[in-house]
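**Q** here is a sequence with its predicted model. Questions after.
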Amino acid sequence: MSSNIVEATQEKGGAKNHNKYRRDKPWDNPDIDHWSVSPWDETAGDTLPGGRLLEESSFATLFPKYREKYLREVWPLVTRSLDKVKIACELNLVEGSMTVRTTRKTSDPYVILKARDLIKLLARSIPAPQALKILNDEYNCEIIKIGGLVRNKERFVKRRQRLIGPDGATLKALELLTQCYILVQGNTVSVMGTHKGIKQVRMVVLECMNNIHPVYNIKRLMIMRELEKDPKLQNESWERFLPTFKKKNVQRRKPHQLVEESKKASDAAAAVGGKSALKKKKKSYTPFPPAQQPSKIDLQLESGEYFLSERQRKAKKLAEKQQASLEKSNEKRRAREREFIHPSLLKDDGEGDVVEKSGEKETSVGSTDDVGADMERLVGKFAKKKRKAAEEKSGDDEDDVLGLEGTKKKRKKDKKRKD
């Protein structure tokens, strides 16, 4: 019967009125700002039913060892601030924990949650004067965990530093735009401010950890801040004013070794086959698909590695690695030793000039003649230098002798004149 009535009303075109029997509530008034938070004031008549809380509520949090000294210094200030709102607190240095609990005098039921946020902020290295502001109703806080968002440790450190910026410039700009206090500490980001500001900071932090630079979001926030000042745009969409940044896959540069290897290969191909070798050969069309490549297990079965235990596989890999490193070190040693060999001795083995075996040089008949000629040239050069030095020395001695004789003759003439 009721279904027939509903169908009849729908056929007539009458829409269902779900608010037919709803009475007006006292808070259904457009003059009331539902987002405003009025402070708890006992003098204004804010009281609990029964006058006090029925059960005791408590929260505890651990703090790191390096915060112990600071917390001991500021704990009297924290105790005095919590006593004003009738909350008891305890600092346990043995367990490394802070505890807050309600008392019989506590009248504000929400202040215990504010006290919980306070000890969380103190544990995350926020200074006590700043953390105590959370007891005010206009302040809210959130601790954003960023430790598990990036697997690679080095990449995580780089992105966290990107959030801070050079000399903290990026973080300061974000604080000014969102009207929040932000502290990046370890694997967390602590934020204090309004709900709107905290939401914006959370978006920027999470996108920064997802490899989107904070500068883009800061630019977006700056534009939104200017648009808020225009009352005409309050009920319009701002998408046409906001920038859209598309993610681009920029191709990275190849490593230097790969570039050099490809260059050498192309040069060798050009030397062998000319310019035509550089061009890729056009493959002939075949309707059949290429042969299936052997899988990793197939390769292990062929080499017999599949039947080895895990320890034997590791030992084999280690032995191969050691052998490769030994060969590479030997090659580098030979290259270093080659620098101390005369260029005339470095010729092909086919000519029979120099043959190196286990670090010793064996010269053939042709090479001994070259060595002898070089030795004669060096001996002649040194003899010539020696001869030249001896001539210069003898010339200096003659000058000295002549000079002495001249002085003696002059003295004799002077004596004769005096006489």
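**A** Yep, that arrived.
**Q** which parts of the stretch 101-250 of the chain are strands?
**A** Secondary structure of the stretch 101-250 of the chain (DSSP state E, counting those that start in this stretch): strands at 140-145, 181-185, 188-193.
**Q** strands paired with the first one, and their directions?
**A** Under the criterion DSSP bridges, strand 140-145 sits next to strand 188-193 (antiparallel) in its sheet.
**Q** same check on the second one?
**A** For strand 181-185, the paired strands and their directions (DSSP bridges) are strand 188-193 (antiparallel).
**Q** tell me which residues are up against the strand it pairs with.
**A** For strand 188-193, the surrounding residues in contact (C-beta atoms under 8 Å, 6 or more residues apart in numbering) are 121, 124-126, 130-131, 133-134, 139-147, 163, 178-183, 197-198, 201-202, 205. Where C-beta positions appear, they are placed from N, C-alpha and C, glycine not excepted.
**Q** switch the cut-off to 6 Å
**A** 124, 126, 139, 141-146, 179-183, 198, 201, 205 (C-beta atoms under 6 Å, 6 or more residues apart in numbering).
**Q** likewise for stretch 203-223?
**A** 144, 146, 149-150, 159, 163, 170, 173, 177, 189, 242, 245.
**Q** tell me which residues in it are buried?
**A** Of all the residues in stretch 203-223, those buried under the rule 16 or more other C-beta atoms under 10 Å are 204-205, 208-209, 212, 214, 217-218, 220-221.
**Q** shouldn't A60 be within a helix?
**A** No. Counting by DSSP: H, G, I helix; E, B strand; the rest coil, A60 is not found in a helix; it is strand.
**Q** leaving out sequence neighbours, find the closest residue to it.
**A** Of all residues not flanking A60 in the chain, T99 sits nearest, at 4.3 Å (C-beta to C-beta, 6 or more residues apart in numbering).
**Q** how far away is the one you found from A383?
**A** 97 Å (C-beta to C-beta, to the nearest Å).
**Q** so for the two, which sits in the more crowded spot?
**A** Of the pair T99 and A383, T99 is the one with more neighbours under other C-beta atoms under 10 Å, namely 16 against 10.
**Q** nearest the middle, which residue of this structure would you pick?
**A** The centroid of the chain falls nearest to K158 when counting by C-alpha atoms, centre = their mean (1.8 Å).
**Q** report pLDDT for P255.
**A** The score at P255 is 70. That number is its pLDDT.
**Q** ok, now which ones touch it?
**A** Here P255 is in contact with no residue (C-beta under 6 Å, 6+ apart).
**Q** follow-up on the earlier one: looking at the contacts of stretch 203-223, spot the one nearest K105.
**A** Set against K105, the nearest of these by C-beta to C-beta is I144 (34.7 Å).
**Q** give me the low-pLDDT residue ranges for the protein?
**A** Applying pLDDT under 70 to the chain flags the ranges 1-14, 247, 249-254, 272-281, 346-372, 393-419.
**Q** in it, which spans are helices?
**A** 2-11, 68-84, 111-123, 128-131, 153-164, 169-178, 195-209, 214-228, 256-273, 296-303, 310-338, 365-418 (DSSP state H).
**Q** to L54, which of these lies closest?
**A** Among the helices of the chain, the nearest to L54 by C-beta to C-beta is helix 111-123 (13.4 Å).
**Q** which helices and strands sit right next to that closest one?
**A** Here helix 111-123 touches strand 58-62, strand 97-102, helix 128-131, going by 3 or more C-beta pairs under 6 Å, 6 or more residues apart in numbering; DSSP states H and E.
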